[in-house]
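Enquirer: Show me how the following folds:
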Amino acid sequence: MLKMNTHPRSATLPELAALGPAAAAAVRDLLRQCPAYRPTPLLDLPRLAQELGLAQLAVKDESQRFGLGAFKALGGIYAVLRLGQDYAAARLQRTPHMAELLDGSLRELMRGLTMVCASAGNHGKAVAAGCRLLGCRALIYVHRSVRPCRLEAIRAQGAEVRQLDLGYDDAVAQAGADARAHGYVLVSDTAGPGGDRVTGWVMQGYTALIDEALEQLPQPPTHVFVQAGVGGLAGAAAAYLAAARATVATRVIVVEPRRAACLLHNADAAVPARIAAEAPSVMSMLDCREPSLLAWRVLRETAYAYLAVEEDEAVHAVRRWAAPSDGDPRLLAGASGATGLAGLLHAGARAPMREALGLDAAARVLLINSEGPNDTQAFTEQTGLSVVWPAQASMHA
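Expert: Below you'll find the model as predicted:
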């Protein structure tokens, strides 16, 4: 299902500056103070590009980001560091240098801080890793469908995990309510009314991967197929590319599970609303019913189109990367990580969609492998392949 974005564009959207190249440079400057930070690889897939009739197909591989297995590490850690700095500043009556927060000098002070979030897995793991760096407490809420391996990965970062008998969107609401009731600091990657500040920092963190990609690519992409749950990554990518527009106006296509296409279904809404629940999606990190208000506003102004894919298309995309054409590198991804590829394959097989999106012999497409096979059992079930996924690296490594 393809929906073109017909919303009138605004040239004055303030988020474009907040999520543009200057903001991304500041994010990278801060993250460089973390010993584990390094740009993730950009991989070229020439054979698949040839099969699809494209000039270039490149993949930004986030499967090893910070040793945490997903792009979410960028936003969660960056927001935690900013919040930790604010917390310390209010008590010290000065703004501490980030080095003081990371070298343990303020660890005793930071023990009084509890950060909380709701997560399907990757954001919670990132927040927990950031809290571990600072020495503060991390409390992570997860919804009923989160599998045990993801709970253990969050606990491995030192967090307390509470699994609720709720869906994802209700777990988000519960985390917010408990933060207000107990004085915790909420680190949400989805913004409700008035919740832009911290969610904005999370999205700023994601701009670092787009900034890296544009440094690594020989030319800017003409198209980006980017997966979305609540829309944080898609919104960050689209805003950055709109703010950085020079000779190329990159077309950003937002790809969602058909069962949870909350951005597509709210594309023309005056105010976004939660969509009806269906069976859980195999694209579990994208299985969201209600978009982030901040991401929704940004994408209304910057997305080129919205595309919904079926469950089997995501599984096929995982297999396609795991067993590539001769000459292309092998990529390991979860179903959510390969959803952008699923969208490209879906559109590339349909002439009307190719024409509508401008997928021709001059097209240079960028994809993002947003997470590795962090659920190895699911990966084996989907592909028939066994995988030994590297142990999660220490953030201090």
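
Enquirer: Mean confidence (pLDDT) on stretch 54-66, please.
Expert: Stretch 54-66 shows a mean pLDDT of 96.

Enquirer: For it, measure first residue to last.
Expert: 31 Å (C-alpha to C-alpha, to the nearest Å).

Enquirer: Pass me the low-pLDDT residue ranges in the stretch 151-300 of the chain, would you?
Expert: Along the stretch 151-300 of the chain, the model assigns pLDDT under 70 to residues 194-195, 246-248.

Enquirer: now the helices: where do they sit in it?
Expert: Assigned by DSSP state H, counting those that start in this stretch, the stretch 151-300 of the chain shows helices spanning 168-182, 196-216, 232-243, 262-265, 293-302.

Enquirer: closest to residue 68 out of those helices?
Expert: Proximity to residue 68 (C-beta to C-beta) singles out helix 196-216 among the helices of the stretch 151-300 of the chain, at 12.5 Å. Bear in mind the C-beta positions are built from the backbone N, C-alpha and C, glycine included.

Enquirer: That closest one: which residues count as buried?
Expert: Within helix 196-216, the residues that count as buried by 16 or more other C-beta atoms under 10 Å are 196, 198-214.

Enquirer: Phi and psi next, for the residue located most distally from the centre of the chain.
Expert: Distance from the C-alpha centroid of the chain, by C-alpha atoms, centre = their mean, peaks at residue 93 (34.2 Å). Per-residue torsions, residue 93: phi 60, psi 30 (degrees, to the nearest 10).

Enquirer: about what we covered before: out of the helices of the stretch 151-300 of the chain, flag the one nearest residue 272.
Expert: Here helix 293-302 is closest among the helices of the stretch 151-300 of the chain (C-beta to C-beta), at 5.0 Å.

Enquirer: Please enumerate residues in contact with that closest one?
Expert: 5, 7, 9-10, 13, 15-16, 19, 190-193, 195-196, 199-200, 203, 228, 230-232, 234-236, 238-239, 241-242, 252, 254, 263, 266-267, 272 (C-beta atoms under 8 Å, 6 or more residues apart in numbering).

Enquirer: If any of these are buried, put those into a ChimeraX selection.
Expert: To isolate the buried ones among the contacts of helix 293-302 in ChimeraX, judged by 16+ other C-beta under 10 Å, type:
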select :5,13,15,16,19,190,191,195,196,199,200,203,228,230,231,232,234,235,236,238,239,241,242,252,254,263,266,267,272
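
Enquirer: just the strands in the stretch 1-150 of the chain please.
Expert: Assignment of strands within the stretch 1-150 of the chain using DSSP state E, counting those that start in this stretch yields the ranges 2-4, 42-44, 56-61, 114-119, 137-142.

Enquirer: repeat for the stretch 201-350 of the chain
Expert: In the stretch 201-350 of the chain, the segments counted as strands under DSSP E, counting those that start in this stretch are 223-227, 251-257, 305-309.

Enquirer: can you put the ones you listed in TSV and add distance to residue 104?
Expert: Shown next, in TSV, are the strands of the stretch 201-350 of the chain (distance: least, C-beta to C-beta, whole Å):
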stretch	distance to residue 104
strand 223-227	37
strand 251-257	41
strand 305-309	46
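
Enquirer: before we move on, back to that, could you dump the strands of the stretch 1-150 of the chain to a markdown table with mean neighbour count and distance to residue 68?
Expert: Shown next, in a markdown table, are these (neighbours: other C-beta atoms under 10 Å; distance: least, C-beta to C-beta, whole Å):
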| stretch | mean neighbour count | distance to residue 68 |
| --- | --- | --- |
| strand 2-4 | 16 | 33 |
| strand 42-44 | 18 | 19 |
| strand 56-61 | 24 | 14 |
| strand 114-119 | 27 | 12 |
| strand 137-142 | 24 | 13 |
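
Enquirer: Pipe those strands into CSV and attach distance to residue 163 per row.
Expert: Shown next, in CSV, are those (distance: least, C-beta to C-beta, whole Å):
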stretch, distance to residue 163
strand 2-4, 35
strand 42-44, 35
strand 56-61, 30
strand 114-119, 11
strand 137-142, 5
